[in-house]
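Trainee: Below: sequence and its predicted model.
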Amino acid sequence: MKTPSFETLLLEIDGRGVARLTLNRPDTHNALNATLIVELHQAADWLGKTADLRAVVLTGAGKTFCAGGDLGWMQQNINKTRAERVAESTELALMLRALNQLPMPLIGRVNGPAYGGGVGMISVCDIAVAVDSGIYCLTEVRLGLLPANIAPYVVARMGEANARRTFLSAKRMTAAEAHRLGLLSEVVAGDQLDAAVERELAYLLQCAPGAVATTKKLVSYVHGHDLPTSMIYAADKLADAWETDEGREGIAAFFAKRPPAWHNS
């Protein structure tokens with residue numbers, strides 16, 4: 001499968017249909033600038049439309065996952081018009097939404113610290129596995145700014161109370177605390193990071209890809225709707241699932257005591 005090439009990203013796909021998307025600005029600790037934001041959006045759009053992809057692993061080159069906004073790029077915003085600043089802010093919001101709405105699972109391979117927008121990048125991952133040496137911080141208010149575009153995802157990830165504490169104080173979190181607050185799914189020693197990611201992939205590759213995609217939408221829907229509305233939606237989606245090729249194959253494989261067609265051994 002031929003993958004697109006980027007200036008600030010590396011993208012590889014293995015034989016299992018697992019994509020590895022690497023932020024590739026190690027000289028800036030993978031800080032987000034206009035080019036990286038646009039290319040992440042383009043990559044997410046391409047991944048979302050590519051058949052037979054089972055999962056995406058998001059990581060950073062070097063020792064840092066993502067240092068948040070590139071300070072040089074942010075400094076340039078001072079001299080821009082309001083319309084230009086709104087446009088750039090909107091592009092960041094669209095990029096985060098595109099990653100968040102990928103139909104396949106997105107695993108964060110968090111190889112080091114994350115600040116500001118980097119915490120937002122973790123928050124759009126379905127699963128985030130991190131090294132135990134990382135530091136995490138929502139730094140925006142120290143600069144007189146706001147954690148604006150990342151807020152919907154960080155609040156959903158950590159809950160309102162934890163978001164208030166970390167947003168308002170710019171408190172630095174160890175990996176252990178970030179795990180306790182819900183930002184990280186698992187924390188491991190640095191030399192165990194790849195093995196931990198592979199364990200998560202092993203679970204995901206046993207699951208029906210269409211059912212996984214629909215379940216991601218289900219989680220998002222019920223999170224944003226009241227119980228009566230969610231009950232109607234869920235009943236309809238379950239009825240649909242029984243009518244899919246995957247649903248029929250999964251039940252047939254169970255009773256035949258054989259692996260289903262999508263099973264990755």
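Mentor: Perfect, I can see it now.
Trainee: distance of the residue lying closest to Val141 once chain neighbours are set aside from Ala67?
Mentor: Distances taken as Cβ to Cβ, 6 or more residues apart in numbering place Ala170 nearest to Val141, at 5.3 Å, with adjacent residues excluded. C-beta: built from backbone N, CA, C; applies to glycine. Relative to Ala67, Ala170 is positioned 14 Å away (criterion: Cβ to Cβ, to the nearest Å).
Trainee: Comparing the two, which shows the higher neighbour count?
Mentor: Ranked by neighbour count (other Cβ atoms under 10 Å), Ala170 and Ala67 place Ala67 first, with 23 against 16.
Trainee: wouldn't that one be in contact with Val119 here?
Mentor: No - contact criterion Cβ atoms under 8 Å: Ala67 and Val119 do not qualify, at 10.6 Å.
Trainee: Any regions of the stretch 1-150 of the chain where pLDDT drops low?
Mentor: 1 (pLDDT under 70).
Trainee: in it, which spans are helices?
Mentor: For the stretch 1-150 of the chain, the helices defined by DSSP state H, counting those that start in this stretch cover 34-49, 71-76, 82-100, 117-123.
Trainee: what's the domain layout of the protein?
Mentor: Here the domain assignment for the chain is 9-204, 209-256, based on automatic domain parsing.
Trainee: And the shortest one, end to end?
Mentor: Just to be clear, that refers to domain 209-256. Terminal residues of domain 209-256 are spaced 21 Å apart (Cα to Cα, to the nearest Å).
Trainee: Enumerate the positions of the one helix or strand Ala176 maps to that are buried.
Mentor: Taking DSSP states H and E as the criterion, Ala176 maps to helix 175-180. Across helix 175-180, burial judged by 16 or more other Cβ atoms under 10 Å covers Ala175, Glu177, Ala178, His179.
Trainee: again with stretch 46-66
Mentor: Within stretch 46-66, the residues scored as buried using 16+ other Cβ under 10 Å are 47-48, 50, 53-62, 64-66.
Trainee: Restricting to C-alpha, output that stretch in CSV.
Mentor: What follows is stretch 46-66, C-alpha atoms only, in CSV (Å, rounded to 0.1, in the frame of the first residue of the first chain):
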residue,chain,number,x,y,z
TRP,A,46,-6.3,9.6,4.3
LEU,A,47,-6.3,7.0,7.0
GLY,A,48,-10.0,7.3,7.6
LYS,A,49,-10.7,6.6,3.9
THR,A,50,-8.2,3.7,3.5
ALA,A,51,-9.6,0.2,3.4
ASP,A,52,-8.4,-2.7,5.5
LEU,A,53,-6.7,-0.6,8.1
ARG,A,54,-7.2,-2.1,11.6
ALA,A,55,-5.5,0.4,13.9
VAL,A,56,-3.3,3.5,14.0
VAL,A,57,-0.5,4.0,16.4
LEU,A,58,0.4,7.7,17.0
THR,A,59,3.9,8.5,18.5
GLY,A,60,6.7,11.1,18.4
ALA,A,61,10.2,10.9,17.1
GLY,A,62,12.9,11.4,19.6
LYS,A,63,12.4,11.6,23.4
THR,A,64,9.3,13.8,23.4
PHE,A,65,5.8,12.9,22.4
CYS,A,66,4.6,16.5,21.7
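Trainee: Backbone dihedrals for the residue nearest the centre of the chain, both of them.
Mentor: Closest to where the C-alpha atoms of the chain average out (Cα atoms, centre = their mean) is Cys125, at 2.3 Å. The phi/psi pair for Cys125 (degrees, to the nearest 10) reads phi -80, psi 140.
Trainee: How about it, nearest residue that isn't a chain neighbour?
Mentor: Gly108 (3.6 Å).
Trainee: wait, what's in contact with the one you found?
Mentor: Counting by Cβ atoms under 8 Å, 6 or more residues apart in numbering, Gly108 touches Val57, Leu58, Thr59, Phe65, Met121, Ile122, Cys125, Ile127, Ala128, Val129, Ala130.
Trainee: Of those, which belong to strands?
Mentor: Counting by DSSP state E, the part of the contacts of Gly108 found in strands is Val57, Leu58, Thr59, Ile127, Ala128, Val129, Ala130.
Trainee: Out of those residues, the closest to Gly190 would be?
Mentor: Ala130 (9.9 Å; Cβ to Cβ).
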